[in-house]
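Colleague: Predicted coordinates and the sequence they were generated for:
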Amino acid sequence: MSDADPSGSGADPDAGRGVEPTDPGADEGFEPVDVFPDSDDFDLRPGSDSCYKCSTCDTNCPVAEVDDDFPGPKFQGPEQWRLKQNEDDYGIDESVMDCSNCMRCDNACPAGVPLSQMHNTARGQYVSDEMSRFSRKYLRNRVLANYRLFARLGSKVPRLSNALLNNRAVQWLNERLLGITGEREFPSFAAETFREWWTARGGAAASREHAATARERRGEPRDADKRVAYFHGCYANYNTPEVARATVRVFEWFGYEVAVPEQGCSGTPMFANGMLGDARRHAETNVASLSALAERGYDAVASCTSCSMALRQEYPELFDIDGIEAAAAHTFEAVEYLRIHEDLRDAVADAEVDDDSAAEFVYHAPCHARNQGLARQSLELFRELDGVDIEDAGDSCSGISGTYGWKADKYETSMAIGEEMFDHMEAAAGETGMTECPTCAMQMEHGTGYEIRHPLELLEAALVDDG
Amino acid sequence: MGSSPHIVVVGGGSTGTGITRDLAMRGFDVTLVEQGNLTHGTTGRMHGLLHSGGRYAVSDRASARECIAENRVLREIAAHCVEMTGGLFVKRPEDGEAYFEGKLDGCRACDIPASVISGEEARAMEPHLARDVEKAITVPDGAVDPFRLVVANAADARDRGARIETHSTVTDLLVEAGEVVGVEVEHEAGPGERVHGVEGGREEIRADHVVNATGAWAGRIGAMAGVDIEVRPSKGVMTVMNVRQVDTVLNRCRPKGDADVIVPHETTVILGTTDEEVDDPEDYPEEQWEVDAVIDTLASLVPMLRDARTIRSFWGVRPLYEPPDVGSDAPTDITRDFFLLDHAERDGLPGLTSIVGGKFTTYRLMAERVADHVCGRFGVDADCRTADVPLPGSEDFSVLRDYMDEFGLRSPVGRRSVERLGSRADDVLDVDGPNPTVCECEAVTRAEIRDAIEGSGSDLNAVRIRTRASMGNCQGGFCCHRMASELHGTYDEPVVREAWDELLAERWKGQRHALWGRQLSQAMLNYALHATTQNRDRDPADAGPVDYAAFDDGPTRAGGPAGADVAADGGQNGN
């Protein structure tokens, strides 16, 4: 078996390491000054050369908008790095933990200051040097950042886990003991994970067949060089396998042979909690898989916009791993990939959806989709689809920002940020939400009670006959 | 103390304020006069290097020994002004081995702790150091803030009864019966703290003795009493980078030359310097090629400097002096030693002593020698204590505080503030009510600005040198108006306006030499911001009082009182 086995039965980065993420010593391998061990750029002070202090980042920061005590991205990034000396006792201010890592500041900056890189590095340094391994917050953040590990265990007994997690007593305990808000309903684990489905369906061999059939239908050569590696991420595997299945079917419909490589967490929740040691461990697995596949002609596609964001931008900014640049350069958001390589627009314009899927949607573009320039793609695509109406819920942040809105002390901030989006959703005609991001979807549902769909599910309904 | 001799010290740089403090500590009645702000001359225009003496260890061992001794003293008495960064003399492949060995021997001979490290070890300390640096000698160089040090000396002298007069230019030395008996000064804005708009005037200050501590200007003062003082002012350029590319002082290990030192200074590094004799300490060309040459040469030590952001450049003049019979050709050959000129003995003119030459690191020693000399003159038997008594702010203090709990400040802001204020931190920062950051680049809060204003009147440049506000990468673009508004309440609008103008003009002065790349973008943004939000490009108030009556006060509705319904947004409807 190769080290990047497209059949998808590879090892798990959480498994076999003999380390539990909640073990207080588990993250200690991380040395903040060695974020770039082989590079000249480990010291981010020169990055503040580009900052003109214009404060555009601060005016685009959703946290600063609702929390007057938050000093904003300019302070967290270029100012803090410039003021900091390369001295051990020059600490990082704890307010970096109030940043939700939405990364809007990156896009807002007219001068190209690497803000989120500075924030991620500062947060990693703060957690590593200044946060007690035995504090409740550390434990809570470690648990939230390593959601994947718990999802893996929980989805082995999905019905029991679902019942337990949303038991009032358990929610109360979570809030009291861990500081995880009891206001939210935990997402349910699927009875069958995506990877279980994939293996049962016949893995890569089956996909090859499906793709070949589709190519024939499309008048393309049976052996056309169309291959993608699917980075499904954790959530689509354990919680919304329908999204992952839709992705596979849509790509196969366009004649792509899909591989589902060995993969860990993209690292998004780990960056946001300063757990760079955990993130690096998962990144090593992902980079090994994706860069090896890239060499064999596979581009990677992700259905979660935060996963694609992490692989494309945060990986090369934070880690120096062999093959990381190649993995980043070959990663795309799934719909974006089809827009580049296929005539997706015409395919959608020619299609229609039947009564079951027909709906009026209200769409929210996740911040991380915005950063990849994808804020408008679902709107522009689906407004041409017969039987569907789609409206934009505006350009505000949903406020949940992954694990952020799950923290008891951040819940209020999260909901205050989300208020604008909730209002827009209520005002829109549609009563079904749509977004690419799993946690934005949680927030949209939490704030409005709407059912939330993923664009790939709608694409599947529109294009694939025997979904 | 009515019977204490009255000494006038001319020159508010490190030497002058050092002498004033020393004399005040020994019981003299002292008046300091300075034509500009404190540090206005050479002291405010140096690279902030606290010499270990290593620089002089080959060519001038007497100076080297003085440096290392004073280096040790200043670490104790001026702890809040000094950052012991350590220093390196680095050898590039083209630098001579013999000189390297000579440097090492010289350091050891002068009691300067020195050891040799490999290029790899040097790069482990300073990762941006050039790959081809072969080896280095470590020495205890440091960084010192000349502004803070001089202000602390002056503040301490004032607390001990001295009178400090800034913006007071000496226009003449009073000579009676062949003896100097005082000075005539022109106050720009009346005696005491400077307040813009206060009418100035002449004052005769009579003294039992006058000390000329004006450095490069010493010849000018001497000429007022007809004595020749052969200072040979030599200019050097220093370029300020936006961030600290290095945290250690880097010296090039080769015979003294241009562009051979990089000094980490607060949030920046300062590149220096050049050495070229000038005729007039106030009027000499500041040329772009000098800046380019310094950056270009030092990039061979730290390659990233080539593309890094430069925020300003400034020139200073060394107060070099050599006895007339030496006659060195090049300024680099002139000794860095200092000379006390007893004009009674030298020129038959009692009542006047000059101190010339020397360097910042040995300012305290120079002051001690002058004070000893003055004591001898008046038969005062008092020991010098300036090597033992800490300056205000440098009494026992720790920078490791809980900034949020104690002062409500974010940690880098609190840390920077406490580093600047030293033992005065509690007095200054522990305030009731909000304490917002006024200067974000340098992390200066309102409390620190207000403290500085208390000590310096309406002079915002004096506030600047006390706090570093407006000295960061935006060069005051975002804080000059905030600093000016802190004057409001104490001073009237025209005073605030004048102080603000003066600060902006001073900030612009150094930025002119950094207008390319990122700092050019910064200057354009500052300009746009100041023009569009503060009317700085065409302010009607600059031409005199504004005729507010000339403005339309809005439509008046029939029946209603005039002006009551004027829309604040300029719209048609008042409600």
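Modeller: Perfect, I can see it now. Quick caveat, the model's predicted, so the values are computed rather than measured.
Colleague: and B:Pro255, what does it touch?
Modeller: Remark: with contacts taken as CB atoms under 8 Å, 6 or more residues apart in numbering or on different chains, B:Pro255 is in contact with B:Val58, B:Ser59, B:Tyr99. Quick note: C-beta positions are derived from backbone N, CA and C, even for glycine.
Colleague: meant to ask about B:Ala216
Modeller: Contacts for B:Ala216 (CB under 8 Å, 6+ apart) come out as B:Gly41, B:Thr42, B:Val231, B:Pro233, B:Pro281, B:Val317, B:Arg318, B:Pro319.
Colleague: 7 Å instead?
Modeller: B:Ala216 makes contact with B:Gly41, B:Thr42, B:Val231, B:Pro233, B:Pro281, B:Val317, B:Pro319, according to CB atoms under 7 Å, 6 or more residues apart in numbering or on different chains.
Colleague: Helices along the stretch 151-300 of chain A, start to end?
Modeller: For the stretch 151-300 of chain A, the helices identified by DSSP state H, counting those that start in this stretch occupy A:158-165, A:168-173, A:194-201, A:203-218, A:235-238, A:241-253, A:268-272, A:276-295, in order along the chain.
Colleague: B:Arg306: what's it in contact with?
Modeller: Residues touching B:Arg306, when contacts are defined by CB under 7 Å, 6+ apart, comprise B:Ile295, B:Ala299.
Colleague: Repeat the analysis, applying 6 Å as the threshold.
Modeller: With contacts defined as CB atoms under 6 Å, 6 or more residues apart in numbering or on different chains, the neighbours of B:Arg306 are B:Ala299.
Colleague: what does B:Cys480 give?
Modeller: Shown here is B:Cys480, whose contacts under the criterion CB under 6 Å, 6+ apart are B:Ser470, B:Leu503, B:Leu504.
Colleague: got the residues of the stretch 51-200 of chain A near chain B?
Modeller: Neighbours of chain B within the stretch 51-200 of chain A, by CB under 6 Å from any CB of the partner chain: A:Tyr52, A:Lys53, A:Pro71, A:Glu79, A:Gln80, A:Arg82, A:Leu83, A:Asn86, A:Gly91, A:Asp93.
Colleague: before we move on, the earlier item: ranking the helices of the stretch 151-300 of chain A by burial, who's on top?
Modeller: By mean neighbour count, with neighbours taken as mean count of other CB atoms under 10 Å in any protein chain shown, helix A:268-272 ranks first of the helices of the stretch 151-300 of chain A at a mean of 28.
Colleague: what about it, distance to the chain center?
Modeller: 9 Å (CA atoms, centre = their mean, to the nearest Å).
Colleague: Just the residues contacting it, thanks.
Modeller: By CB under 6 Å, 6+ apart, the residues outside helix A:268-272 that reach it are A:Asn101, A:Asn120, A:Ala145, A:Asp278, A:Ala279, A:Ser306, A:Ala310, A:Glu314, A:Gly402, A:Thr403.
Colleague: Most neighbours among the contacts of B:Cys480, please name it.
Modeller: Neighbour counts for these (other CB atoms under 10 Å in any protein chain shown) peak at B:Ser470, which has 27 neighbours.
Colleague: In stretch B:78-85, which residues are buried?
Modeller: B:Ala78, B:Ala79, B:His80, B:Cys81, B:Val82, B:Glu83, B:Thr85 (16 or more other CB atoms under 10 Å in any protein chain shown).
Colleague: okay, these in CSV with distance to B:Met304 and secondary structure next?
Modeller: Converted to CSV, the buried residues of stretch B:78-85 look like this (distance: CB to CB, whole Å; DSSP: H, G, I helix; E, B strand; the rest coil):
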residue, distance to B:Met304, secondary structure
B:Ala78, 31, coil
B:Ala79, 31, helix
B:His80, 30, helix
B:Cys81, 28, helix
B:Val82, 27, strand
B:Glu83, 22, strand
B:Thr85, 18, coil
